[in-house]
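Visitor: Test case, fold it:
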Amino acid sequence: MQVSPSRYEGLTEAVHGYETTGVPLVAYDGQTFKPAGFSDDVGMYDFIPRIAHGLGLTVEQAIDVFFIGMVLASLAVGLLGAFRCFRSWWAKGWAAVMLVVVAFECFDHGSVYLVPPCLAMAVVPWFLSYAKNERFERSFLLFGFLGGVVLGAGQYIRAQSATPILLFMAC
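Guide: Alright, predicted model coming up:
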C-alpha cells in the first residue's frame with residue numbers, strides 16, 4: 001500500500017519511537033524525540049507502530065496490514081449488512097458487486113484516503129437495514145454503539161471522514 005514519502009518518514013520515526021520508548025505517538029529520528037503525526041491525521045501514527053511492534057513487522061508490512069486489513073474488514077462487514085438489508089438475490093448480488101468495486105478502488109488510492117469509503121462500506125448497509133424496518137429492534141442499539149466506535153476510529157485516522165456518513169444518517 002502506497003503512502004506519501006512524508007507520511008512514510010513519519011511512520012518510520014513513529015515506529016522507531018514506539019520501539020524505543022514504548023509510548024504511543026512519540027517519534028524518534030535517531031537524535032531527538034518529537035510528537036508523531038504532529039501535522040497530520042494522528043490515528044495511523046498510533047495504530048501502525050503498535051501493529052509493527054506487536055507482530056514484529058517492518059514499517060512497510062505494518063502499513064499493508066493496517067490499510068489492507070481495513071479494506072477487507074470493511075468489505076466483510078458491509079457485505080453482511082447488505083445481505084441483511086436486501087431480500088432478493090439480485091439486489092444482494094448487485095450490492096456485493098458494488099461493494100467489491102469500492103474495495104478495489106480503495107486499493108488504488110491507498111493511505112488515509114481510503115478511510116471514508118471504508119467507513120461507508122461498513123456502516124451504511126447496516127444503517128439502511130435498520131432504517132427500512134418499521135419496528136424497533138434491540139440490535140439497533142448494538143449497531144449504534146459499534147457504528148459509533150467505528151466512525152470515531154475513522155475520525156481518529158482521517159479527520160472528517162465520518163462527517164458525510166453522519167449527515168447521510170441524519171437525513
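Visitor: Quick check: what element follows the helix or strand encompassing residue 69 along the chain?
Guide: Counting by DSSP states H and E, the secondary-structure element that holds residue 69 is helix 59-85. Counting by DSSP H and E, the next helix or strand C-terminal to helix 59-85 is helix 89-109.
Visitor: gap between that next one and the chain center?
Guide: The chain centre lies 17 Å from the centre of helix 89-109; the measure is CA atoms, centre = their mean, to the nearest Å.
Visitor: Next, the angle from that helix to helix 59-85.
Guide: For the pair helix 89-109 and helix 59-85, the angle between their directions (axes from the mean of the first three to the mean of the last three CA atoms, to 10 degrees) equals 160 degrees.
Visitor: sec struct for the residue of the chain most remote from its centre, please.
Guide: Relative to the average C-alpha location in the chain, and by CA atoms, centre = their mean, no residue lies farther out than residue 31, which sits at 32.1 Å. Of the three states, residue 31 takes coil under DSSP: H, G, I helix; E, B strand; the rest coil.
Visitor: how close does it get to residue 17?
Guide: Taking CB to CB, to the nearest Å as the measure, residue 31 and residue 17 are separated by 12 Å. Any C-beta I mention is one placed from the backbone N, CA and C, and that applies to glycine too.
Visitor: ok, back up a step: what packs against the helix holding residue 69?
Guide: For helix 59-85, the packing partners by 3 or more CB pairs under 8 Å, 6 or more residues apart in numbering; DSSP states H and E come out as helix 5-21, helix 43-55, helix 89-109, helix 115-131.
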